[in-house]
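Colleague: one predicted model, sequence on top.
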Amino acid sequence: MTSFQYTSLIATSPDVVWRFHERPDILKLLTPPWQPVEAVRREGGLGPGALSEFRLWLGPVPITWIARHTDEYEPNRLFTDIQESGPLDAWTHRHRFEPEGDHMRLTDDITFTLPLEWASEPMIGWFVLQRLRDMFEYRHQVTQEACG
């Protein structure tokens, strides 16, 4: 299992960033334009049981990724989603919203397991981590611009 974390300080309160994440178009807003990913649907907001579906493109091959929100949910503070089906053996994404003075700290904690991890991790693990860094840098910048 591999871990990744991206965090940034945003000049607003956690409830403002939480409301931004509740937007029905949030998946489209937070998907970097250079990524071969399409947000297909989002159901149920941020609470337990909510669902997000994406279509990823590996070359010409479409792959469906479905993430479901878990019971780890505290409004204005935390929600977690896990991969229900998709390209990885496992994926858990914890979204944290924490007050810090007159700002808030947005933190994305991810753990994942690549398929055939014993072989794929040494070969492409660094590449996956760099793509996550690029994606979350973009997401946090968009969030900062919309909320800060």
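Modeller: Done, it's in.

Colleague: only C-alpha atoms from now on, for both contacts and neighbour counts.
Modeller: Noted.

Colleague: all strands for the protein, in order.
Modeller: Counting by DSSP state E, the chain has strands at residues 2-10, 37-43, 51-58, 61-74, 78-85, 90-100, 103-113.

Colleague: buried deepest among these, which one?
Modeller: Stretch with highest mean neighbour count among the strands of the chain: strand 78-85 (a mean of 20; mean count of other C-alpha atoms under 10 Å).

Colleague: that one pairs with which strands, and in what direction?
Modeller: Strand 78-85 pairs in its sheet with strand 61-74 (antiparallel), strand 90-100 (antiparallel), by DSSP bridges.

Colleague: what is the least confident helix or strand in this protein?
Modeller: helix 117-147 (a mean of 88; mean pLDDT, DSSP states H and E).

Colleague: which positions within that helix qualify as buried?
Modeller: Using 16 or more other C-alpha atoms under 10 Å as the test for burial, helix 117-147 gives 117, 121, 132, 135-144, 147.

Colleague: dump the strands of the chain to a markdown table, plus mean pLDDT.
Modeller: Putting the strands of the chain into a markdown table (pLDDT from 0 to 100) gives the following:
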| stretch | mean pLDDT |
| --- | --- |
| strand 2-10 | 97 |
| strand 37-43 | 90 |
| strand 51-58 | 91 |
| strand 61-74 | 96 |
| strand 78-85 | 98 |
| strand 90-100 | 97 |
| strand 103-113 | 97 |
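
Colleague: and K28, which of those strands is closest to it?
Modeller: K28 lies closest to strand 37-43 among the strands of the chain, at 6.1 Å (C-alpha to C-alpha).

Colleague: now the angle between strand 61-74 and that closest one, please.
Modeller: In terms of direction (axes from the mean of the first three to the mean of the last three C-alpha atoms, to 10 degrees), strand 37-43 departs from strand 61-74 by 40 degrees.
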